[in-house]
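# here is my input; please provide its structure:
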Amino acid sequence: MRHQRDLVFDVYLTSLYPDGYRKDTTVLAKEKGIGTVDAVAEFVVEEGRVVGFGLSGFVGQVTERARTHEGVRDRAEVWFDGV
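Numbers count the residues shown, from 1 in each chain. Predicted coordinates for the structure are as follows:
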């Protein structure tokens, strides 16, 4: 993830090559954006504690949930509760 603003982060996938790639045996981590999708993770903090985060942007267009709901938990495509 890369910080975007406030509690919003851009989501990236990382490929890890612990034995290097081809002849180069140096450990390599390669970061990629998720295609042309602008996926973001938005965290929710209440009373100074992270209660969870929502992932959005994987569908590639504005969803019905995003149009009709206000809170991060309700408009996210995926929600993760903090434990």
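
# mean confidence score for the strand or helix carrying Gly54?
According to DSSP states H and E, Gly54 maps onto strand 49-56. Strand 49-56 comes out with an average pLDDT of 95.

# one more: stretch 14-24?
Per-residue scores along stretch 14-24 average to 81.

# which residues make contact with it from outside it?
For stretch 14-24, the surrounding residues in contact (C-beta atoms under 8 Å, 6 or more residues apart in numbering) are 25-32. The C-beta positions use only the backbone N, C-alpha and C, and glycine is treated the same way.

# and if you look at stretch 74-83?
Residues contacting stretch 74-83 (C-beta under 8 Å, 6+ apart): 42, 49-59, 63, 65-66, 69, 72-73.

# neighbours of Phe9, how many?
When neighbours are counted by other C-beta atoms under 10 Å, Phe9 registers 17.

# tell me what it is bridged to.
For Phe9, the beta-bridge partners are His3, Ala41 (DSSP bridges).

# pretty sure Thr26 belongs to a strand, no?
No - judged by DSSP: H, G, I helix; E, B strand; the rest coil, Thr26 forms no part of a strand; its state is coil.

# how close does the nearest residue to it once chain neighbours are set aside get to Lys30?
Spatial nearest neighbour of Thr26, chain neighbours left out: Gly20 (5.0 Å); criterion: C-beta to C-beta, 6 or more residues apart in numbering. As for Gly20, its distance to Lys30 is 12 Å (criterion: C-beta to C-beta, to the nearest Å).

# same for the very next helix or strand once past the strand holding Gly54, what does it pack against?
Remark: after strand 49-56, the chain's next helix or strand is helix 64-68, criterion DSSP H and E. With contacts defined as 3 or more C-beta pairs under 8 Å, 6 or more residues apart in numbering; DSSP states H and E, helix 64-68 has these neighbours: helix 72-75.

# mind running it again at 10 Å?
strand 49-56, helix 72-75 (3 or more C-beta pairs under 10 Å, 6 or more residues apart in numbering; DSSP states H and E).

# what comes up buried for stretch 2-22?
In terms of neighbour count (16 or more other C-beta atoms under 10 Å), stretch 2-22 has its buried residues at 9, 11.

# circling back to that earlier point, can you redo the helices and strands packed on helix 64-68 as CSV with mean neighbour count and distance to Val83?
Putting those into CSV (neighbours: other C-beta atoms under 10 Å; distance: least, C-beta to C-beta, whole Å) gives the following:
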stretch, mean neighbour count, distance to Val83
strand 49-56, 16, 9
helix 72-75, 16, 15
